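# could you work out the structure for the sequence below:
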Amino acid sequence: MSSDEYDSSDSRHYKVKLKKDKKDKDKKDKDKDKDKKDKDKDKKDKDKKDKDKKDKKDKKEGEYKSGEHKDKEGAHKFHGEHGAGLHGQQFQHQPPVQQNYGQFSSPPIVPPSFDPHHVAVPTFSTASYEAAPNRDAPAPPPSGYRVPLTTTAAFPDPQQAGQPPCYDADGVSPIFIGSALLGNSVHPCKIGPHLSPFASLPYGGVEHGHHGRFDLLPFVPQTMEFVHTSYGRIPPGRRPIEGGYEENGGKLYHAIGQVNGVRVPGKTGEHLGACNVGFGGQEIVITENYEILCWR
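Residues are numbered from 1 along each chain as shown. You can find the predicted model right below:
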C-alpha cells in the first residue's frame, strides 16, 4: 500500500470516528435535555400540588376565622334529614327578654310530632309531659329537634331553649348543648347566653369561640338522659343522640365531662375513644367516666 493510500484510509477512519463521537455526543446531549425537561416538569407538578394544598388550607382557615361557613351539602343532610332547622328557611327569633337564666323554671318542652317527609323549623310547646310515651309513634330523628341560631341573632328565650343541662363554673350561668357548622363538618358544642360568642367547641387542641351558624338542642329530660360511659363506647342497648360528624363521616355525639367539678358539654365518638370538651381556652380529653346523651 502506497503512503497516499494509507493516508486516505487513515483519514476515512478518523472521519468515521469523528462522526460516531459527534453522534454519541448529540445523543448524550439529547438525553440530558430530556432528563432536564422531566425534572422541570416534576418540579412544576410538585409546586402546583403544594400550591393547591396551601390554597385549600388557607381557604379553610379563612372560612373558620371569619365565621363565613358555607352551607355544605353534608351540613344540609345533617340539619335536614336529622330534624334540625333548614338553612333555606328563615327562623323568626323571639325578641330578647330580660330574665334571670340562673333561676330557670320554665316547664318541660314537648317536641312536635315528626313527619319525615316535611322537615320544618321546629316549634315548641309549654305543655307538660304527663302521659306515658306513645310506643306506636315514630321514633324521634337521630339528632332531635333544634333551634337554628347565628352569632348575630338574639339568644332564644327560656321557652325555646328549654332546661339547661349544665351550669358554668359560677354555678348560675346556664349552659346548653348544640351543634356548630365547621367547614365540611358539624361538631357538638356548648352554648351559653353569657358567652361571647354564644357557642364554643373543642377543636385542634383549643377551645374555639364559634362565629356563624349553630343549632341549640333543647334538653327534654322526659325523652333524653345522660348515660355514663368511657373510651368512646356507646352504652349497650342505648341510642345516642347524634350531634354531628367529622369530615370523613365519623359520627359525633353529645357528651358531658367533668372539669374541676364542673359539668362541661362536649363531643364523643367511637373513633375518638374519649369525650373532648372545651374549657378555659383548651381542648380537654376525658377518657373515663363521662356521660353521653341518649334517648330514653
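# surely Tyr167 and Ser173 touch.
Yes: using CB atoms under 8 Å, Tyr167 is in contact with Ser173, at 6.2 Å. Glycine gets a C-beta too; all of them are placed from N, C-alpha and C.
# could you report the neighbour count for Gln258?
Counted with other CB atoms under 10 Å, residues neighbouring Gln258 total 14.
# measure it to Gly192 for me?
17 Å (CB to CB, to the nearest Å).
# and for Val262?
12 Å.
# what residues are up against Phe155?
96, 149, 161, 193, 198 (CB atoms under 8 Å, 6 or more residues apart in numbering).
# looking at these, which are in helices?
The helices, defined by DSSP state H, take in Ala161 from those.
# which strand residues bridge Cys294?
Glu225, Pro240 (DSSP bridges).
# my read: it touches Ile241, true?
Yes: assessed by CB under 8 Å, Cys294 is found in contact with Ile241 at 6.5 Å.
# got any residues that touch both of these two?
In contact with both Cys294 and Ile241: Met224, using CB under 8 Å, 6+ apart.
# the more surrounded of these two?
More crowded of Cys294 and Ile241, by other CB under 10 Å: Ile241, with 22 against 19.
# wait, the more buried one sits on Tyr253?
Yes: if you go by CB under 8 Å, Ile241 and Tyr253 touch, sitting 6.6 Å apart.
# any common contacting residues for those two?
Leu293.
# any weak-confidence spans in this protein?
1-16, 56-141 (pLDDT under 70).
# walk me through the domains of it.
By the assignment in automatic domain parsing, the chain contains the domains 1-66, 73-92+139-295.
# tell me how many other residues surround Glu242.
So Glu242, with other CB under 10 Å, has 22 neighbours.
# now swap in Asp31 and tell me
For Asp31, the count of nearby residues is 10 (other CB under 10 Å).
# so it: helix, strand or coil?
helix (DSSP: H, G, I helix; E, B strand; the rest coil).
# any idea how far it is from Tyr167?
Asp31 is 75 Å from Tyr167, by CB to CB.
# next: Leu149.
20 Å.
# these two: which is more packed in?
Ranked by neighbour count (other CB under 10 Å), Leu149 and Tyr167 place Leu149 first, with 25 against 17.
# Gly162 pairs with what?
Phe219.
# if we can go back for a sec, which neighbours do Val262 and Gly192 share?
In contact with both Val262 and Gly192: Asp168, using CB under 8 Å, 6+ apart.
# out of these two, which sits in the busier spot?
Counted by other CB under 10 Å, Val262 and Gly192 do not tie: Gly192 has more neighbours, with 21 against 17.
# listing partners with orientation, what would you give for the helix or strand containing Phe176?
Following DSSP states H and E, one finds Phe176 within strand 174-182. Sheet pairing here is set by DSSP bridges, and for strand 174-182 it gives strand 166-167 (antiparallel), strand 185-191 (antiparallel), strand 213-217 (antiparallel).
# turn those strands into CSV, columns for distance to Asp42.
Shown next, in CSV, are those (distance: least, CB to CB, whole Å):
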stretch, distance to Asp42
strand 166-167, 55
strand 185-191, 34
strand 213-217, 43
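# leaving out sequence neighbours, find the closest residue to Ala265.
Heads up, residue 265 is Pro, not Ala. Spatial nearest neighbour of Pro265, excluding adjacent residues (CB to CB, 6 or more residues apart in numbering): Lys190 at 4.1 Å.
# who does that neighbour bridge with?
With beta bridges defined as DSSP bridges, Lys190 has these partners: Ile177, Ser200.
# adjust the sequence numbering to begin at 8 for everything that follows.
Yes, from this point I'll number from 8; that puts the last item at Lys197.
# wait, it touches Val271, no?
Yes: in terms of CB under 8 Å, Lys197 counts as a neighbour of Val271; the distance is 6.6 Å.
# who has more neighbours, these two?
Lys197 (29 against 25).
# which residues touch the more buried one?
Here Lys197 is in contact with 173, 182-185, 206-208, 271-273, 284-285 (CB under 8 Å, 6+ apart).
# again with Lys258
Counted by CB under 8 Å, 6+ apart, Lys258 has contacts 249, 251-252, 276-277.
# by neighbour count, which of those wins?
Gly251 (29 neighbours).
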